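**Student:** Okay, predicted coordinates and the sequence, questions at the end:
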Amino acid sequence: MAEKVEFELVSPEKLLLSQPVDMVVVPGGDGDFGVLPRHAPMISTVRPGVISVYETRQAVSQRLFVAGGFAEVTPERCTVLAVEAEPLEEIDRSATEQELRDAREDVADAKDEHEKAAAIKRVTVLEAKLDALRFAL
């Protein structure tokens, strides 16, 4: 049997995925990185984007959108603690587009810099989510 890496994706609400995989590709803060068995230990921020899960090395078996978070990699495991996460096929494009319009209004209507920064961050996440849908197979 081929060697596997244990992959876990955790959001504040629940454990979304926990399974052995051949490879996982994570949208790291400094660029995408792939994790295979016996990967060097590391910790990375996760930017808004898509995690690609390979149950076999030939093809992506799952794509999940993450809004950011942290990843910890050891030689045996990759754990992603996501701010929010959901499978691409469960994302409602029209609802996300409406959320983006609302978030852009929130930027314009912000009463202080803290509100504005939070609204800008939400706009960035929603734009990344729509980009993920555009480039999904």
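**Tutor:** Alright, I've got the coordinates.
**Student:** Residue 20 is in contact with residue 3, isn't it?
**Tutor:** No: using CB atoms under 8 Å, residue 20 is not in contact with residue 3, being 9.3 Å away. Every residue, glycine included, has its C-beta placed from N, CA and C.
**Student:** Neighbour count: those two, which is higher?
**Tutor:** Using other CB atoms under 10 Å, the more surrounded residue of residue 20 and residue 3 is residue 20, with 15 against 10.
**Student:** Could you measure from the more buried one over to residue 135?
**Tutor:** 27 Å (CB to CB, to the nearest Å).
**Student:** Repeat that for residue 86.
**Tutor:** From residue 86 to residue 135 the distance is 16 Å (CB to CB).
**Student:** So those two - more neighbours on which side?
**Tutor:** Shown here are residue 86 and residue 135; by other CB under 10 Å, residue 86 has more neighbours (17 against 10).
**Student:** Provide the secondary structure category for that one.
**Tutor:** The three-state label given to residue 86 by DSSP: H, G, I helix; E, B strand; the rest coil is strand.
**Student:** show me what contacts residue 35?
**Tutor:** Residue 35 makes contact with 5, 7, 23, 24, 25, 26, 73, 78 under the criterion CB atoms under 8 Å, 6 or more residues apart in numbering.
**Student:** any chance you could map the strands in this protein?
**Tutor:** 5-10, 15-21, 23-28, 31-35, 42-46, 49-54, 62-66, 69-73, 77-82, 85-87 (DSSP state E).
**Student:** Neighbour-wise, which one of the contacts of residue 35 leads?
**Tutor:** residue 24 (28 neighbours).
**Student:** Correct me if wrong: that one contacts residue 78.
**Tutor:** Yes: in this structure, residue 24 is within contact of residue 78 by CB under 8 Å, at 5.4 Å.
**Student:** which residues do these two both contact?
**Tutor:** 5, 7, 35.
**Student:** Quickly list what the second one is bridged to.
**Tutor:** It refers to residue 7. residue 19, residue 78 (DSSP bridges).
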